[in-house]
Every structure is written in C-alpha cells, then in structure tokens.
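# Sharing a model that was predicted from the sequence below.
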Amino acid sequence: MIKANFRISIALVCLCVSQVIHAEVDLEDQNHRFESRLSSALQEYESVRTQISSDKIPLVKTINEKKLKIGKLRSEIDTLLLQQSQRKAQLDRNETLQLDISKQIEFIEALVLDHLSNFESLTTISEDQIYRSDLKNLRTRSESDDTLPDLRIMDLSLDRIKKASGGYAFSGKAVDETGAIHSGLVSLIGPTSYFHSTDGLIAGQLKLSANSLLPSISASPSIEPELLKHLEEGKIVSMPIDPTLGKASGFDQTKWSLSEHIRKGGYVGYVIMGFAFIALIIVILKFYDLSRVRTAYQPSTVDIIASLKSGDVKTANDLAAKQNYPSNLILSAAVARANEDRAVLEEVVIGEIQNVRDRLERFLPFLAITAATSPLMGLLGTVVGMIKTFALITVFGAGEAKFFSSGISEALVTTEFGLIVAIPSLIMHGILQRAVREKVASLEEVASDFVIELHSS
C-alpha cells in the first residue's frame with residue numbers, strides 16, 4: 001500500500017516537472033516573439049518619428065499662416081461689426097431726422113393752409129374779384145396729399161400788404177340796390193372799399209351783399225364820383241368812412257317795437273301777454289281794495305261802547321256806521337249782537353273779519369298761478385320755436401341763418417316774456433298777501449279790543 005502511494009507520488013512529481021519544462025519552453029518562445037514584435041514596433045516608431053520630424057516644420061508653417069489669416073479675418077469681422085453699428089446708428093439718426101423733417105413739413109403745411117384761410121377771410125369782398133381764381137388754385141393744390149404746400153400764397157400776401165399799405169385801385173364790378181351789375185373802379189383804403197362806375201353816375205362805399213359774389217354799393221349822398229377820382233389821383237379829400245363796413249346800418253333792424261316784440265313770440269307770446277294783462281288788472285284792483293281798508297278810530301270805539309252800556313243803541317249804530325271801511329261792517333255787526341253772549345259776539349265778529357279777508361284775498365291766487373305758469377309757457381314757446389327752427393333747417397339747411405332766425409327769435413322771446421311776467425307776479429303776490437295779513441290783523445285787534453271792553457264790566 002505504501003509502495004503504491006509512493007509510485008503515485010513519484011508519477012505526480014514527474015508529471016509536474018515535465019509540465020514546468022514545457023512551460024519554460026513556451027515562455028522562451030513567447031519572449032522571442034515579443035522581442036521580435038517590439039523590435040519591429042520600435043523600428044516603425046523610429047520611422048514614424050522621423051517622418052513626423054520631417055513633416056512638422058511645414059505643418060507648423062501652415063498652422064502659423066492659418067493663425068495669421070484667422071487673426072486678419074477676426075480683425076476684419078470686428079471692423080465690419082463696428083461699421084455695422086455705425087451704419088445702424090446713422091440709420092437711426094436719419095430716421096429721426098426724417099421724422100422731424102416730416103413733422104416740420106406737416107407744421108409748415110398747416111401754417112400755409114391756416115394762412116390761406118386767413119387770407120381768404122381777411123380779404124374784402126371787393127378784393128375777392130382779384131384773388132378768387134388764385135386762391136381757388138392754391139386751395140386745390142395745398143389740399144392735395146401728394147404735393148408740398150404751395151408757398152405762392154406768401155407772394156400774394158406780401159403783394160397785398162404792399163398794395164394795401166398805401167391804398168390802391170383796380171377795375172372791378174359791383175351791384176346796386178336794384179340788382180344791376182356795374183363796371184367801374186374800386187378804391188381800397190384799408191378795410192374800406194369805394195366804387196364809382198365807369199359812366200360816373202354811381203358812387204358809394206362797398207359792402208357785403210347776401211347771396212351774391214359781388215359787393216353791393218351803399219349809396220351815400222356825401223360820396224360823389226369826383227371825390228373818388230380825386231382820391232385815386234392822390235389828392236387830399238374829406239370822405240365819410242364806415243369802419244363797420246355797412247354793418248352799423250343793420251343795427252336799426254335789431255330794434256323792435258313792443259308790438260313787433262310780441263309778434264315775434266307767436267301765439268304762445270300772446271297767451272303770456274294775456275296772463276300779464278289780467279295779472280296787472282288784479283294788482284291794480286287789489287291795491288285799490290287795500291287802500292280803502294282803514295282801522296277804526298279809537299275814541300269812536302270808546303263812544304260806541306259807552307252808548308251801548310248806557311242803552312243808547314241807535315247812537316251806537318250811528319257811530320258804528322260812520323267808521324271807515326271795513327271797520328263799519330264789523331262794528332255794526334258787533335253792535336247788533338251786543339246783548340248776546342260773549343262767545344256768540346266773538347263768532348259774529350270773526351265771521352265778519354273772515355268775510356273781509358275773503359274779499360281782500362279774492363283773485364290773489366291767480367297771481368300765484370301766473371307766476372308759476374308763465375315760465376312754463378315760455379318753455380313751451382321755446383320748444384315750439386326750436387321745432388320750427390329745425391323744420392326750416394331741414395328744408396333750407398344751416399347755411400343761411402336768416403331763414404331760421406324767426407324760429408330762434410320766437411323761442412327766446414317767449415322765454416323772455418315768461419320770466420318778465422312771472423317775476424313781477426310772484427313779487428306782487430307776496431306784497432299783496434302780506435298787506436292783506438297786516439290789514440286783517442289790525443281789524444282783528446280792533447274787534448278784540450271792542451269785545452273785551454264791551455264785556456269788561
């Protein structure tokens with residue numbers, strides 16, 4: 001058993017030794033192969049290194065050249081970016097300048113149009129014959145969107161100023177009072193224009209004529225053709241001048257008589273005037289009634305009381321009847337019931353005083369009604385007048401004011417009438433009401449004293 005194990009051990013040792021020997025042989029072969037490969041790799045490395053060394057100088061030169069080009073390109077890019085920024089800033093400045101210039105042009109256009117409008121409005125009706133065609137062309141050209149404002153209006157303005165500074169004359173036409181058109185010479189001195197016909201028969205100051213493109217001749221006996229001829233020749237003459245250009249003569253048309261004023265108010269104005277007339281009659285009657293009211297004379301009432309206490313009723317009645325109105329009525333009623341109880345006597349006296357109050361306050365409510373309704377009537381007239389005005393505007397338009405001025409006049413006149421009637425009516429109602437209260441208070445005081453004295457003993 002031991003021998004068998006020993007043999008096995010020897011066999012295993014031999015096997016291990018043989019394997020080690022074979023492994024050493026294999027390692028030597030591998031080392032030889034590795035060394036061969038390493039030698040070839042080193043040779044290849046040396047070859048590549050030599051090749052790199054030979055190629056490095058041209059590559060470095062190429063890289064340096066490329067770097068120089070890149071630097072130049074970067075410099076050019078920076079220059080272009082700077083130029084782009086400058087161009088953009090210049091473009092922004094040009095746009096701002098263009099906007100400013102556009103605004104200035106618009107402002108100049110507005111000034112030119114405004115000056116054109118002022119020129120048209122400030123030229124006299126006689127000068128319109130000279131400048132009408134030029135102004136029409138300038139207006140058409142200036143209002144065109146695709147053209148700059150025409151500055152020839154400035155030349156016209158300067159030419160007109162130069163002419164008007166010393167006065168000038170030109171050939172023109174005018175219309176006389178019959179509507180006939182006459183040719184002649186127009187003399188312009190400031191805003192005042194004079195005309196005398198070619199035949200020398202008509203002369204006068206020119207004024208605006210409604211519904212006509214030509215001025216009308218305002219005939220004046222103090223203006224003769226010879227004076228105008230002397231004026232045109234530069235001689236010193238004495239002539240009447242109307243600085244209102246004929247408008248002063250129209251002031252008389254605005255002055256209405258009372259009947260015309262009432263007629264302007266229409267039927268509403270007549271109704272208001274009717275209220276005013278009735279209120280005036282009532283005021284007169286009430287002042288008359290109040291002027292008749294007198295309080296009793298104190299010594300007379302003492303005599304009446306003394307006669308009643310002495311039993312002389314007839315004398316007391318005579319004294320009471322002789323008192324002023326309406327004290328005589330109150331005292332007569334008190335004397336007739338003097339024998340009655342005090343409460344009955346007081347009722348009788350109060351009843352008579354109430355009758356006097358009713359007579360004095362009669363028709364006074366009508367004044368209050370007039371004061372309250374007159375403004376409403378005026379407002380009604382205003383509405384009616386405005387309805388007429390709008391109806392006329394619908395037919396004739398709003399171009400000529402005289403066509404619908406009557407409706408406006410009626411609207412305003414009725415309002416005026418309503419206030420004129422209402423305010424005095426309200427004041428007089430308050431005055432008369434207070435006067436009635438004072439008169440009745442004095443009568444009540446007299447009656448109270450009479451009753452107290454009569455029943456004092």
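Perfect, I can see it now.
# For A422, grab the count of nearby residues.
For A422, the neighbour count with other C-beta atoms under 10 Å is 23. C-beta: built from backbone N, CA, C; applies to glycine.
# One more: G204?
G204: 24 neighbours (other C-beta under 10 Å).
# so it is in which element?
Assigned by DSSP states H and E, G204 falls within strand 203-207.
# So which elements touch that strand?
strand 192-197, strand 216-219, helix 225-232 (3 or more C-beta pairs under 8 Å, 6 or more residues apart in numbering; DSSP states H and E).
# Now that strand: buried residues?
Under the neighbour-count criterion of 16 or more other C-beta atoms under 10 Å, strand 203-207 has 203-207 buried.
# and the residues you listed as TSV, adding distance to L38?
What follows is the buried residues of strand 203-207, written out as TSV (distance: C-beta to C-beta, whole Å):
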residue	distance to L38
A203	140
G204	138
Q205	135
L206	131
K207	132
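# Now do the same contact list for the residue nearest to G265 when sequence neighbours are not counted.
Nearest non-adjacent residue to G265, counting by C-beta to C-beta, 6 or more residues apart in numbering: V413, 4.3 Å away. Applying C-beta atoms under 8 Å, 6 or more residues apart in numbering to V413 gives the contacts 261, 264-265, 269, 381.
# quick one on the thing from earlier: name the pair among the buried residues of strand 203-207 with the greatest separation in space.
Within the buried residues of strand 203-207, A203 and K207 form the most distant pair, 13.9 Å apart (C-beta to C-beta).
# what touches both of the two?
In contact with both A203 and K207: no residue, using C-beta under 8 Å, 6+ apart.
# residues near Q104, how many?
10.
# does it sit in a helix, a strand or a coil?
helix (DSSP: H, G, I helix; E, B strand; the rest coil).
# Give the residue spans of the stretch 1-150 of the chain that score low on pLDDT.
Low-confidence regions of the stretch 1-150 of the chain, defined by pLDDT under 70, span residues 1-9, 11-28, 121-122, 124-126, 142-150.
# Off-centre distance for the helix or strand R49 falls within?
Using DSSP H and E, R49 sits in helix 2-122. Chain-centre distance of helix 2-122: 76 Å, with C-alpha atoms, centre = their mean, to the nearest Å.
# what packs against it?
helix 128-142, helix 152-164.
# among the helices and strands packed on strand 203-207, which gets the worst mean confidence?
Here the lowest mean pLDDT among those goes to helix 225-232, at a mean of 64.
# After it, which helix or strand is next?
Following helix 225-232 toward the C-terminus (DSSP H and E): helix 258-264.
# So which bits of that next one are buried?
261-262, 264.
# Can you name every helix or strand that that helix contacts?
Partner elements for helix 258-264 (3+ C-beta pairs under 8 Å, 6+ apart): helix 266-292, helix 405-454.
# Let me know which of the ones you listed is the nearest to G184.
So among the helices and strands packed on helix 258-264, helix 405-454 is nearest, using C-beta to C-beta, at 33.7 Å.
# Just the mean pLDDT for that closest one, thanks.
The model assigns helix 405-454 a mean pLDDT of 82.
# what separates it from the chain centre, distance-wise?
41 Å.
# which one of the buried residues of strand 203-207 is nearest E444?
K207 (72.1 Å).
# Could you check how far the closest one is from I181?
Distance from K207 to I181, counting by C-beta to C-beta, to the nearest Å: 16 Å.
# can you check E444 too?
84 Å.
# Looking at the two now, which is surrounded by more residues?
Shown here are E444 and I181; by other C-beta under 10 Å, E444 has more neighbours (16 against 10).
# Would you mind confirming that that one makes contact with I353?
Yes - here E444 reaches I353: they are 5.8 Å apart, a contact under C-beta atoms under 8 Å.
# quick one on the thing from earlier: out of the contacts of V413, which is nearest to N317?
G269 (55.2 Å).
# What is the neighbour count of that closest one?
G269: 23 neighbours (other C-beta under 10 Å).
# same question, S218
Around S218 there are 20 residues (other C-beta under 10 Å).
# Surely it and K207 touch.
Yes - at 5.0 Å, S218 and K207 qualify as touching, with contact defined as C-beta under 8 Å.
# so which of the helices and strands packed on helix 258-264 gets nearest A391?
The nearest among these, by C-beta to C-beta, is helix 405-454 at 7.7 Å.
# Now do that closest one against helix 266-292, angle only.
Angle of helix 405-454 versus helix 266-292, following axes from the mean of the first three to the mean of the last three C-alpha atoms, to 10 degrees, is 20 degrees.
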